[in-house]
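Visitor: following is a predicted model, sequence given first.
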Amino acid sequence: MTLREMVSECNKIVFFGGAGVSTESGIPDFRSEDGLYRQKYDVSPETMLSSDYFYTHTEEFYRFYRDKMLPLEAQPNAAHKKLAEWEREGKLLAVVTQNIDGLHQKAGSKRVYELHGSVHRNTCLSCGKKFSAEYVARGKGIPRCDCGGVIKPDVVLYGEMLDDDTVNGAVKAIGRADMLIVAGTSLTVYPAAGLVDYFRGKYLVLINRDVTPLDGRCDLVLHEKVGEVFGKL
Ligand code: NAD
């Protein structure tokens with residue numbers, strides 16, 4: 001059975017994505033050949049994106065974050081756009097994403113569970129005032145609130161907990177889905193990767209350039225580029 005045939009049969013599709021969904025929009029992932037983890041830094045990206053590092057090396061954190069994690073000019077690709085279209089047509093229950101880039105919403109998706117938060121929400125640690133990603137990107141050094149407090153992105157750093165409501169919403173959507181499309185993720189970051197186990201529906205599909213631990217359990221596996229696959233649907 002082809003992906004197109006599966007999609008036409010289902011109307012409670014859930015899409016579970018990772019960094020590979022945005023590489024065709026020009027945002028590097030972490031673990032591919034040209035991903036951030038293969039580039040040379042004095043301190044590893046895992047360390048720089050940890051909660052400890054944020055609080056102890058705030059200036060260095062922001063140097064890396066502004067340089068690598070704030071691609072505000074990036075545009076949605078064919079995958080983001082098609083998913084938004086399916087939601088409008090009533091075929092898609094939700095997008096569950098590990099990405100923090102906000103590209104699903106930029107493409108028009110409304111029901112998006114952002115497991116790892118978003119660069120588009122930023123909060124003053126002292127007074128709770130909210131700031132845009134543009135505000136954080138614009139400045140130099142540590143971004144600060146009018147009250148003098150340090151601003152922190154609402155992004156789940158290594159060592160931090162996922163938001164309960166977001167996880168519960170994602171679990172519920174995956175549990176109700178008739179089809180789960182897992183795409184652009186190495187499925188190595190937990191607890192996010194474990195959410196696919198809540199799927200009880202008909203078709204489990206994986207679209208990923210590299211092999212993943214889920215390949216053997218899927219009804220269809222496409223080792224292709226996710227944007228190209230969606231572009232042909
Ligand atoms: P990962 O880097 O571990 O794995 C990405 C996977 O996507 C790889 O297996 C790779 O083969 C595949 N891939 C890359 N480009 C692809 C394409 N065009 N088509 C199909 N497959 C493609 O990413 P992950 O599993 O999402 O885990 C990394 C963590 O880093 C996530 O938690 C995420 O929050 C974060 N992250 C987010 C962004 C973003 O927001 N765009 C970017 C980098 C990392």
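Guide: Received it, and whenever you're ready, just let me know what you need.

Visitor: I'd assumed residue 100 was in contact with residue 115.
Guide: No - contact between residue 115 and residue 100 fails when scored by Cβ atoms under 8 Å: they sit 9.3 Å apart. The way it works is simple: take the backbone N, C-alpha and C, and place the C-beta from them, glycine included.

Visitor: and the gap between residue 22 and the ligand?
Guide: Distance, residue 22 to the ligand, using Cβ to the nearest ligand atom, to the nearest Å: 4 Å.

Visitor: pretty sure that residue sits against residue 183.
Guide: No - the pair residue 22 / residue 183 is not scored as a contact, 10.8 Å apart, by Cβ under 8 Å.

Visitor: okay, strands next: where are they in the chain?
Guide: 13-17, 92-97, 112-114, 117-124, 130-131, 151-155, 179-183, 203-207, 220-222 (DSSP state E).

Visitor: got a markdown table for those strands, with mean pLDDT, distance to the ligand and mean neighbour count too?
Guide: Shown next, in a markdown table, are the strands of the chain (pLDDT from 0 to 100; distance: least, Cβ to the nearest ligand atom, whole Å; neighbours: other Cβ atoms under 10 Å):
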| stretch | mean pLDDT | distance to the ligand | mean neighbour count |
| --- | --- | --- | --- |
| strand 13-17 | 98 | 7 | 28 |
| strand 92-97 | 98 | 8 | 27 |
| strand 112-114 | 98 | 9 | 24 |
| strand 117-124 | 97 | 8 | 19 |
| strand 130-131 | 98 | 19 | 16 |
| strand 151-155 | 98 | 8 | 20 |
| strand 179-183 | 98 | 6 | 26 |
| strand 203-207 | 98 | 6 | 22 |
| strand 220-222 | 98 | 9 | 17 |
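
Visitor: which of those sits closest to residue 169?
Guide: strand 112-114 (5.1 Å; Cβ to Cβ).

Visitor: send me the helix or strand of the chain with the lowest mean pLDDT as PDB with only the CA atoms.
Guide: Every helix and strand in the chain was compared by mean pLDDT, DSSP states H and E; the lowest is helix 45-48, with a mean of 86. Only the C-alpha atoms of helix 45-48 are listed here, as PDB (Å, rounded to 0.1, in the frame of the first residue of the first chain):
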ATOM      1  CA  PRO A  45      26.000  21.400  21.900                       C
ATOM      2  CA  GLU A  46      24.400  19.100  24.600                       C
ATOM      3  CA  THR A  47      26.300  21.000  27.300                       C
ATOM      4  CA  MET A  48      25.600  24.400  25.800                       C
END
